[in-house]
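Participant: Pasting the sequence and the predicted coordinates here, then a few questions.
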Amino acid sequence: MHRLIPAEIIAKKRDGAALDSGEWEAFLHGFLRGEVAEYQVAALLMAVWFRGMTPQETRAVTRILMESGELWEWPPDGPVGDKHSTGGVGDKVSLVLAPVAAACGVRVPMVSGRGLAHTGGTLDKLESIPGFRTELARDDFERLLSRVGFAMGGQTGAFAPLDRELYALRDVTGTVESIPLIVSSIMSKKLAEGLDALVLDVKWGDGAFIPERERAEELARAMIAVGEEFGVRTEALLTDMGEPLGRTVGHALEVRESILAMRGEPADPRFAAVTVALTARLLVATGIDPNEESAARRAEAAIAGGDALERFRDCVEAQGGDPRVADDPDRLPAAPVRRTLETLTAGGLAALPARAVGQALVALGGGRRTKDATIDPAVGFELPLNVGDEAPP
């Protein structure tokens, strides 16, 4: 065990040197035990943001975060898979993908996160459903996998607790965009879930944490490498976050849009395409389907036949929520005041910057300025047009 002097470790990384696994373990475990202060962790996070980490450091930190809590295993009752997005505006894909994948035979123990900076979080969206409980223990996940086929909860003190603390600090210290920190955070949770396969939705563009496509590709390759090293089949799709995904941005609004999609009502084409593509890739990676074409047809049939919506309803009820929202989304929280922005002249929608929309949601109270802040699930935006669509006068 390394002698723990936090200032020396911070200075070493500040000067661009790599930390060995013992130094990372001493610092991070010291933080968990209360021997390293939050401001010292914040300083190291910022040093990493500027100086980066070697692949060896990233793997070491991933393992330390993963092994700081429970490592799940599941009965051999079928494949176990999951999906993760690197964050976007209006990204509600997980709300549909998990029940669709479960309806197709994949068990999905989805440990999700809360909103970071200008992006929304799956847990925050789910908690807009009255009564929905996201604090699940490992036994809750096993019960839900057996009963429903999927579960959607957050990190507890027993599951990757080190990452839980770092995740909150990154959000308020301007260090979210660091590629090695993203890799270690995401992969530590996903590897601890006991998966057979993982599909990653790596965002790029204005609303993504990594706007540049080249850096997004770098992030995808890094996460695939870590996943494969730990024995989990890992694949990634790069998707465009130049504009919000779907017709809504805001927690309750996005849940409503997801429910309507699972009811078979016409969905935003981009939202539908990304959801089906990721689900199909997961079905192939877990061995449910031999190729993506047949997998996509299976996913679409799960929606058209009502199986996905039924799974979603069962999950909501099993996690303490009001299952009636599946049949009546108007039971979700709604903003008391609505304003419509109308165009003065006809023309095409030239741009709808996703980051600006996400920041506007935070300003309305739909995001967090500090890690302990509460959010208003009712506020948000309805977006009737995609970029390139014609707006009537």
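Facilitator: Perfect, I can see it now.
Participant: Residues in a beta bridge with the residue sitting nearest the centre point of the chain, which ones?
Facilitator: With distances taken as Cα atoms, centre = their mean, S85 lies nearest the centre of the chain, 4.5 Å away. Counting by DSSP bridges, S85 is bridged to D201.
Participant: Hmm, S94 and it touching each other?
Facilitator: Yes. The pair S85 / S94 is scored as a contact, 6.9 Å apart, by Cβ atoms under 8 Å. The C-beta positions use only the backbone N, C-alpha and C, and glycine is treated the same way.
Participant: For V96, what are phi and psi?
Facilitator: Taking degrees, to the nearest 10, you get phi -100, psi -40 for the backbone angles of V96.
Participant: Distance of the residue nearest to the centre of the chain relative to G30?
Facilitator: Look at S85 and G30: by Cβ to Cβ, to the nearest Å, they are 31 Å apart.
Participant: Can you list the residue ranges for strands in the stretch 201-350 of the chain?
Facilitator: Remark: strands of the stretch 201-350 of the chain, listed N- to C-terminal, are 233-240, 248-249, 347-348; assignment by DSSP state E, counting those that start in this stretch.
Participant: Out of the ones you listed, which is closest to K190?
Facilitator: Distances from K190 to each of the strands of the stretch 201-350 of the chain were compared by Cβ to Cβ, and the smallest falls on strand 233-240, at 8.4 Å.
Participant: quick one, what contacts T175?
Facilitator: Under the criterion of Cβ atoms under 8 Å, 6 or more residues apart in numbering, the contact list for T175 reads 42, 45-46, 48-49, 169, 181.
Participant: okay, now L97: neighbour count?
Facilitator: Residues contacting L97 under the criterion other Cβ atoms under 10 Å number 28.
Participant: any idea how far L282 is from it?
Facilitator: When Cβ to Cβ is applied, the distance between L97 and L282 equals 7 Å.
Participant: What lies in contact with stretch 329-337?
Facilitator: By Cβ under 8 Å, 6+ apart, the surrounding residues in contact with stretch 329-337 are 128-130, 252, 255-256, 259-260, 322, 324-325, 377-380.
Participant: What are the buried residues along that stretch?
Facilitator: Taking 16 or more other Cβ atoms under 10 Å as the neighbour-count basis, stretch 329-337 is seen to contain the buried residues 329, 332-333, 335.
Participant: for those residues, which one is nearest R270?
Facilitator: Ranked by distance to R270 (Cβ to Cβ), the buried residues of stretch 329-337 are led by P329 at 20.5 Å.
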